[in-house]
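Q: quick one, structure for this:
(4 chains)
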Protein chains: 2
Amino acid sequence: MTDSPTSDQEAELAEALREAAAFGLTGRATINDIARIAKVSKKTVSRVINESPLVKPRTRHLVKAIIAKLCFTPDPQARALALRRSFLIGLVYDNPGPQYVVNMQRGILDGLEDTDFQLVLRPVSRSDANCWDRLRTFIQHHKPFGLILPPSVSEDEDLVAMLRENDVDYVRIASVELDTPARMIRTHDAEGAAQAARHLSALGHTDIAHIKGPETFRSAHERRRGFVRGLAESGRSLSPDMVAEAGYTFESGLLAMERLIYAERRPTAVFAGNDEMATGAYVAVCKAGLRIPEDISIVGFDDTPIAGRLWPALTTVRLPIREMGQAAAQLLLAQAAGNEPAEIKSFSPEIVVRGSTAQAPRGN
Amino acid sequence: MTDSPTSDQEAELAEALREAAAFGLTGRATINDIARIAKVSKKTVSRVINESPLVKPRTRHLVKAIIAKLCFTPDPQARALALRRSFLIGLVYDNPGPQYVVNMQRGILDGLEDTDFQLVLRPVSRSDANCWDRLRTFIQHHKPFGLILPPSVSEDEDLVAMLRENDVDYVRIASVELDTPARMIRTHDAEGAAQAARHLSALGHTDIAHIKGPETFRSAHERRRGFVRGLAESGRSLSPDMVAEAGYTFESGLLAMERLIYAERRPTAVFAGNDEMATGAYVAVCKAGLRIPEDISIVGFDDTPIAGRLWPALTTVRLPIREMGQAAAQLLLAQAAGNEPAEIKSFSPEIVVRGSTAQAPRGN
DNA sequence: CTGAAAGCGCTTACAG
DNA sequence: CTGAAAGCGCTTACAG
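A: Okay, the predicted model is just below:
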């Protein structure tokens, strides 16, 4: 190895470090300090920082040693200015449940830990006509490193077109394949919903209903599709009058459940498209003087924190939201480094059985 | 007025704007473009941007018109580099309930709307010995404009000392007076707790218990103090065996409630120090086969989203968390502008009566 | 493999 | 009231 330490080199390093130590006390070091101490140009230091291969190993080691000694980190603002790209990662979301956002945030922060990237919050409201204009302004001013788009923002092609135009990296999280492996994280919502169907079938339910999310959400579609498929496996089907459409919110879930309860044929089991609606369904059942799970079994989707805080605790389909956030952040960093994965990273949900589901009541 | 538009000046402006329009098409404008078109130095443009009074009104108007026409906004990275201060506002929090964080975030974003400031998330875990070191690294690298510190992080004097050393602005949100009016937002938790006490007293309860937050949180102390004071108003008192200490979490609230239920004298009403613990109390009551509010009335604190999603809906003390977040953001911006408020901005909670409280059961 | 020069888009002293 | 110069701490062509 040409770059094994020689006593010559060690002396040089020691000398440099002594100088560095003497210097170290006066505030934070800059690239100029490193260059001066290493007796190289700052361009060479820059090359080392940016992992350029065009540096003699011996030089690289010396510079790296000094950088480590002085605890030097390049100034993010200066780099951003020169690179025309900041170290901010934006999370763009349109009013998902509070539980979902918090989990997603934690995951992204997990993925960003020990890097110099920062997570910036960019909530939007697509009912606001110029919400993408605001986001464009943010992008043009702050030149974010990349954006993470959870559902349902991830499904918005106008947004993605705007991001392409402005040359911003992004990662989309969605229940269907919308983009290349470098740009998306996929969840197999249909499979999770099928598990819910199998669970309810196994408990002997036949009068099974579904509270469906809004038509405009791909996940709502996927979840219903998977649920129907799962029921079909045991010869069951979901009749149209057993489907109540709602809006992924607590209130809409409550109303949808009331419609189901007071319909001609009351279901003994209900699969709600997310935990928020399932929580609304709980209230509707309680208000009607019925019991969970004795009279009606309920299954949710997402396994947000509220699921475990209800009584009885909610049987739900767990989507590893936090892990997905982490994967999204890592994918964004990999993308910038030019590492394109061969195939789409995907997450499969799994059912978490808790107290809200039981055997179908007899004689129903 | 010396700066009323003269035809002379209007012609000059029109000419400049024509030039600007011709230019406008080529990417984003910089301070140099503005200076060139206005035929002034970029320093003068900088003065206009920074609202320096040392600019002739006529010059100022011309420059402002051109800036407006070109939709120019100074580059945040460049300003940050020159000013040694970025446009990031950090929210530092140590695992409060997910509901609390989300509300706080929304509020801060409300306060930052239409500014170029960005909200950056900095969760910490004080069980981690070097969590302040990590935060210091963030501060030294990213030079945030300021930090917002909700409880209980706001009470940490080590943190505040570190912030002072590093010359970072901050706003503390707390239930007691910890800092100057420019640096804090206060909540009158004791008053809210007193309202809870009055409410339960008015319903005829005498066997009243309290699930208290952790001793290390000022808010826990304040809430108990206020509750005791409120009870005293109607000649009631809180006996020591009617106080169960918990940790502001769902699980700890559940366990605390179980202790109260199976104690010698079972309370007919319980005031929990926050909604998370109140939610745990719900589960304990249900598990014990008791009913809310028929057997036991429960009052929470915070009015987080979960309160309205429980059945029966939780009577709780509403802290306007979102508004507090907004106020904190505004205070931070005002601080930087040198506007020191005369007195501490404070928020008074108020009780929100819902279904979880009722008349004390007879014959108890 | 390495460096001197110019530049990213602003601001801060310093003059006048 | 205004400007020319230098600087914030990095990187990108361009040479060699």
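
Q: who in chain A is up against DNA strand C?
A: A:39-41, A:43-44, A:47, A:53-60, A:78, A:81-82, A:84 (Cβ under 7 Å from any atom of the strand). The C-beta positions use only the backbone N, C-alpha and C, and glycine is treated the same way.

Q: and for A:Cys71, the neighbour number?
A: 11 (other Cβ atoms under 10 Å in any protein chain shown).

Q: which one is it nearest to, not counting chain neighbours?
A: Among residues not flanking A:Cys71 along the chain, A:Ala29 sits closest, at 7.6 Å (Cβ to Cβ, 6 or more residues apart in numbering or on different chains).

Q: and the pLDDT at the closest residue to DNA strand D within the stretch 101-250 of chain A?
A: Closest residue of the stretch 101-250 of chain A to DNA strand D, Cβ to the nearest atom of the strand: A:Asp116 (11.2 Å). Note on A:Asp116: pLDDT of 92.

Q: and the single nearest residue of the stretch 251-364 of chain A relative to DNA strand C, how many neighbours?
A: DNA strand C sits closest to A:Ala336 of the stretch 251-364 of chain A, with a gap of 19.1 Å, by Cβ to the nearest atom of the strand. By other Cβ under 10 Å, the residues close to A:Ala336 number 13.

Q: spit out the contact partners of the residue nearest to it when sequence neighbours are not counted.
A: Distances taken as Cβ to Cβ, 6+ apart place A:Asp169 nearest to A:Ala336, at 6.3 Å, with adjacent residues excluded. Residues counted as contacts of A:Asp169 (Cβ atoms under 8 Å, 6 or more residues apart in numbering or on different chains) are A:Phe145, A:Gly146, A:Leu147, A:Arg183, A:Leu332, A:Gln335, A:Ala336.

Q: mind doing that once more with 10 Å?
A: A:85, A:89, A:144-148, A:163, A:182-183, A:331-333, A:335-336 (Cβ atoms under 10 Å, 6 or more residues apart in numbering or on different chains).

Q: for it, give me phi and psi.
A: phi -70, psi 150 (degrees, to the nearest 10).

Q: hey, what's it bridged with?
A: A:Gly146 (DSSP bridges).

Q: figure out how far stretch A:87-99 is from the centre of its chain.
A: Per Cα atoms, centre = their mean, to the nearest Å, the displacement of stretch A:87-99 from the mean C-alpha position of its chain is 9 Å.

Q: only alpha carbons, please: show it as PDB.
A: Below are the C-alpha coordinates for stretch A:87-99, written out as PDB (Å, rounded to 0.1, in the frame of the first residue of the first chain):
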ATOM      1  CA  PHE A  87     -29.700  21.000   3.300                       C
ATOM      2  CA  LEU A  88     -33.300  21.200   4.000                       C
ATOM      3  CA  ILE A  89     -35.700  18.200   3.400                       C
ATOM      4  CA  GLY A  90     -39.300  19.300   3.100                       C
ATOM      5  CA  LEU A  91     -42.200  17.200   4.300                       C
ATOM      6  CA  VAL A  92     -45.300  18.100   2.200                       C
ATOM      7  CA  TYR A  93     -48.600  16.900   3.600                       C
ATOM      8  CA  ASP A  94     -52.200  17.700   3.300                       C
ATOM      9  CA  ASN A  95     -54.000  17.200   6.600                       C
ATOM     10  CA  PRO A  96     -53.600  13.500   7.300                       C
ATOM     11  CA  GLY A  97     -54.500  12.400  10.800                       C
ATOM     12  CA  PRO A  98     -52.300  14.000  13.400                       C
ATOM     13  CA  GLN A  99     -51.000  10.600  14.400                       C
END
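
Q: hmm, that stretch in reach of chain B?
A: Yes: residues of stretch A:87-99 contacting chain B under Cβ under 10 Å from any Cβ of the partner chain: A:Phe87, A:Leu88, A:Ile89, A:Gly90, A:Leu91, A:Gly97, A:Pro98, A:Gln99.

Q: return the subset of those residues lying in helices.
A: A:Pro98, A:Gln99 (DSSP state H).

Q: tell me which two in the residues of stretch A:87-99 next to chain B are the farthest apart.
A: Spatially, the most separated pair among these is A:Phe87 and A:Gly97, at 29.0 Å (Cβ to Cβ).

Q: out of the two, which sits in the busier spot?
A: A:Gly97 (23 against 20).

Q: my read: that one touches B:Pro305, true?
A: Yes: using Cβ atoms under 10 Å, A:Gly97 is in contact with B:Pro305, at 8.7 Å.

Q: ok so, going back, which of the residues of chain A next to DNA strand C come close to DNA strand D?
A: Applying Cβ under 7 Å from any atom of the strand, the subset of the residues of chain A next to DNA strand C adjacent to DNA strand D comprises A:Lys43, A:Ala78, A:Leu81, A:Ala82.

Q: for A:Arg225, give me its contacts.
A: A:Ser175, A:Asp189, A:Ala190, A:Ala193, A:Ala194.

Q: who are the contact partners of the residue in the stretch 251-364 of chain A positioned nearest to DNA strand D?
A: Scanning the stretch 251-364 of chain A for the residue nearest DNA strand D gives A:Ala336, at 11.9 Å (criterion: Cβ to the nearest atom of the strand). With contacts defined as Cβ under 10 Å, 6+ apart, the neighbours of A:Ala336 are A:Arg85, A:Phe117, A:Phe145, A:Gly146, A:Asp169.

Q: out of the contacts of A:Asp169, grab the one that's most surrounded.
A: Counting neighbours by other Cβ under 10 Å, A:Ile148 leads the contacts of A:Asp169 with 30 neighbours.

Q: is that residue in a helix, a strand, or coil?
A: strand (DSSP: H, G, I helix; E, B strand; the rest coil).

Q: is it true that it touches A:Gly111?
A: Yes: applying Cβ under 10 Å, one finds A:Ile148 in contact with A:Gly111, separated by 9.4 Å.

Q: show me what contacts the closest residue to A:Pro74 other than its chain neighbours?
A: Nearest residue to A:Pro74, sequence neighbours excluded (Cβ to Cβ, 6+ apart): A:Ile49, at 5.6 Å. Residues in contact with A:Ile49 (Cβ under 10 Å, 6+ apart) are A:Ile31, A:Ile34, A:Val63, A:Lys64, A:Ile67, A:Phe72, A:Thr73, A:Pro74, A:Arg79.

Q: burial count for the closest residue to the third one other than its chain neighbours?
A: Going back to what we said before, that points to A:Val63. Among residues not flanking A:Val63 along the chain, A:Val48 sits closest, at 4.4 Å (Cβ to Cβ, 6+ apart). Counted with other Cβ under 10 Å, the neighbours of A:Val48 add up to 21.
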